[in-house]
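>>> have a look; sequence and predicted model below, questions after that.
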Amino acid sequence: MFLLPADYYKTVKTKKKGRGVFARKEIPGGTLVGDYLGKIIRDSEIDALEKKYGGASYSMDYTGDDTSIFPAVKTSGVHLINHSCAPNCDVYYYFGHTLYFALRRIFPGEELTVDYGFDPQSDNAVSYCLCGSPFCRGTMYASPEKLEKFHVFFQQQIKGQRFKICRPGTFLEPLAKYPKRIKDFSCYDLFADLEVRPEFYDDNKLPNISELRQRLRNTGRRLKFRRLGFTILGIVDGRLIIEKR
């Protein structure tokens, strides 16, 4: 289910990745994009269901107890958002729901993407990546270190959240109330849109990492420091990706 107004996005059939979701209007960082809703199924049912719908990866882990969410595939929803190794969206777990949100400012015409971050220990056969990003790692699998970092983060976030767990065969329904926006967390990697002009700065020294994250999140652009002689393209695992002049 999308939480964005209908005039903010469109669903388009792409050449290599099936359907995709593209922004029609600017989407600020932290904006809620949607909620991953569907039928709760046992993980043992995943392979048969995904083969039925062309082998695409539609299932989403539910509560980590061998159950997953399987969406209404033919409808429009966040399950149509494709993978990228340099995504502009990510997920946030909230009272038993997987919320998609904008990591940073997204520009009109830009495809909405998320890092699928498959577990390399899983039986998922779709491992190669077609994102085309300069930062592509060649696979939709995430490293064990990255998976562990997010596991710890999400366990901290959901601590104290009380919600009714849906049983297999039932449907995960929309929440009565959603958060207005998702704040920035350092565990999320940030990548600038390389297709738009950079944001120019004349700082004499490099700001701290928190300030750089805010600039990247708010502008969505590369951060070009003219006096320092380099441009920041992204922030990954707390480290800067830079391009020297």
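The structure has been received and is ready for your questions.
>>> list the contacts for the residue nearest in space to the middle of the chain?
Closest residue to the average C-alpha location of the chain: residue 90 at 2.4 Å, with CA atoms, centre = their mean. Contact analysis of residue 90 by CB atoms under 8 Å, 6 or more residues apart in numbering lists 100-101, 103, 114-115, 188. In short, each C-beta sits where N, CA and C put it, glycine included.
>>> how about JSON lines for those, with distance to residue 50, pLDDT and secondary structure added?
Shown next, in JSON lines, are the contacts of residue 90 (distance: CB to CB, whole Å; pLDDT from 0 to 100; DSSP: H, G, I helix; E, B strand; the rest coil):
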{"residue": "100", "distance to residue 50": "20", "pLDDT": "98", "secondary structure": "strand"}
{"residue": "101", "distance to residue 50": "25", "pLDDT": "98", "secondary structure": "strand"}
{"residue": "103", "distance to residue 50": "26", "pLDDT": "98", "secondary structure": "coil"}
{"residue": "114", "distance to residue 50": "18", "pLDDT": "97", "secondary structure": "strand"}
{"residue": "115", "distance to residue 50": "19", "pLDDT": "96", "secondary structure": "coil"}
{"residue": "188", "distance to residue 50": "27", "pLDDT": "97", "secondary structure": "coil"}
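>>> let me know the pLDDT of the nearest residue to residue 225 once chain neighbours are set aside.
Counting by CB to CB, 6 or more residues apart in numbering, residue 225 lies nearest to residue 201, which is 5.1 Å off, once chain neighbours are set aside. Model confidence at residue 201, expressed as pLDDT, equals 98.
>>> and residue 201, how many neighbours?
Applying other CB atoms under 10 Å, we find 16 residues neighbouring residue 201.
>>> and if you look at residue 223?
24.
>>> cool, and residue 55?
When neighbours are counted by other CB under 10 Å, residue 55 registers 11.
>>> just residue 79 next, same as before
24.
>>> and it, helix, strand or coil?
Following DSSP: H, G, I helix; E, B strand; the rest coil, we place residue 79 in the helix state.
>>> coming back round to it: turn the contacts of residue 90 into JSON lines, columns for distance to residue 12 and neighbour count.
Listed next are the contacts of residue 90 as JSON lines, based on distance: CB to CB, whole Å; neighbours: other CB atoms under 10 Å:
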{"residue": "100", "distance to residue 12": "17", "neighbour count": "26"}
{"residue": "101", "distance to residue 12": "21", "neighbour count": "23"}
{"residue": "103", "distance to residue 12": "21", "neighbour count": "25"}
{"residue": "114", "distance to residue 12": "16", "neighbour count": "20"}
{"residue": "115", "distance to residue 12": "20", "neighbour count": "23"}
{"residue": "188", "distance to residue 12": "26", "neighbour count": "22"}
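>>> give me the below-cutoff pLDDT ranges for this protein.
Along the chain, segments meeting pLDDT under 70 span 122-126.
>>> gap between residue 17 and residue 238?
Distance, residue 17 to residue 238, by CB to CB, to the nearest Å: 30 Å.
>>> how about residue 133?
Note on residue 133: its distance to residue 238, by CB to CB, is 20 Å.
>>> same check, this time on residue 120
To residue 238, residue 120 is 23 Å away according to CB to CB.
>>> ditto for residue 25
Taking CB to CB, one finds residue 25 at 31 Å from residue 238.
>>> how about stretch 101-109, which residues are buried there?
The neighbour-count check on stretch 101-109 (16 or more other CB atoms under 10 Å) flags 101-106 as buried.
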